[in-house]
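Visitor: below are the sequence and a predicted model; questions follow.
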Amino acid sequence: MQLRYVAALSAALLALSSTKVLASDAGNPEIGRQVFQACAACHSLVPGRHMTGPSLSSIWGRKAGTVEGFTRYSDALKQADIKWDEPSLDAWLKNPKTFIPNNRMTIGGLQDKAQRRDLIAFLRSVSQEQSPASSQQAESMPEGMMSQGQMLNLKELEANNHITSISHCGDTYTVIAETGEVYELWEFNLRFKTDSSVNGPASGGPVIIPASMRGDRAFVIFASPVEISPFIQKGC
């Protein structure tokens, strides 16, 4: 009787241990949300909002290289016959260059297996709408990206961000805002960008936003590249 009791108890403990292992293997999406901060500089979790890389809002179960609206896939990724699931994402996150050679992913890989597991759990939960994508994106996005216009609605900036004229003389750009404020910037410190998304500036209404804490660098953002050259006047 006692031997049967010990055997039953051992079996129960083994089953409990196996359950814990399986739960651990599934990953923790809440921890994965924190791991995702390293990805948020290049990837959005909002459907249709593409950055350096495609939105990852519905990555789970999708064939590689097929997110709608993203046009910068490498040929290697477009031609890869891979569907994103736990094994494929784990191999990709561990070493993208080895898993799919000649792709454009710039990171070297995530070597910590537990972090990969948690990140995969998080991405799966986002795809299955178990995590609110918009709030996750806002919480995960590095602060610097907010100031660089990735998450800003450029149509809603203050008047001192909206530009009425840009002139160039020597090595200096002089930018004048709607409020009359004048920004003089060394030409090397002023970057011209375009944003054709719904959050981009109005056509013909470029905006300026800071690009450094010291205030000596800035981005001027247009709705379209064809607007840039006609807008800049010779100022000497």
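Guide: Arrived safely.
Visitor: what's the domain layout of the protein?
Guide: Residue ranges for the domains of the chain, per automatic domain parsing: 21-141, 154-234.
Visitor: tell me the most buried of these?
Guide: Among the domains of the chain, ranked by average contacts under mean count of other CB atoms under 10 Å, first place goes to domain 21-141 (a mean of 17). (C-beta placed from N, C-alpha, C; glycine too.)
Visitor: chain center to it, what's the gap?
Guide: 10 Å (CA atoms, centre = their mean, to the nearest Å).
Visitor: redo the domains of the chain as CSV? Include mean pLDDT.
Guide: Listed next are the domains of the chain as CSV, based on pLDDT from 0 to 100:
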stretch, mean pLDDT
domain 21-141, 87
domain 154-234, 94
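Visitor: show me the contacts for the spatially most central residue of the chain.
Guide: Nearest to the geometric centre of the chain sits H43, at 2.2 Å (CA atoms, centre = their mean). H43 makes contact with 51-56 under the criterion CB atoms under 8 Å, 6 or more residues apart in numbering.
Visitor: any idea how far it is from L56?
Guide: Distance of H43 to L56, given as CB to CB, to the nearest Å: 5 Å.
Visitor: re the thing from before, part of a strand, is the residue nearest to the centre of the chain?
Guide: No: read with DSSP: H, G, I helix; E, B strand; the rest coil, H43 is coil and lies in no strand.
Visitor: can you say which helix or strand has T164 in it?
Guide: Using DSSP states H and E, T164 sits in strand 163-169.
Visitor: who does that strand touch, helix- and strand-wise?
Guide: With contacts defined as 3 or more CB pairs under 8 Å, 6 or more residues apart in numbering; DSSP states H and E, strand 163-169 has these neighbours: strand 172-177, strand 232-234.
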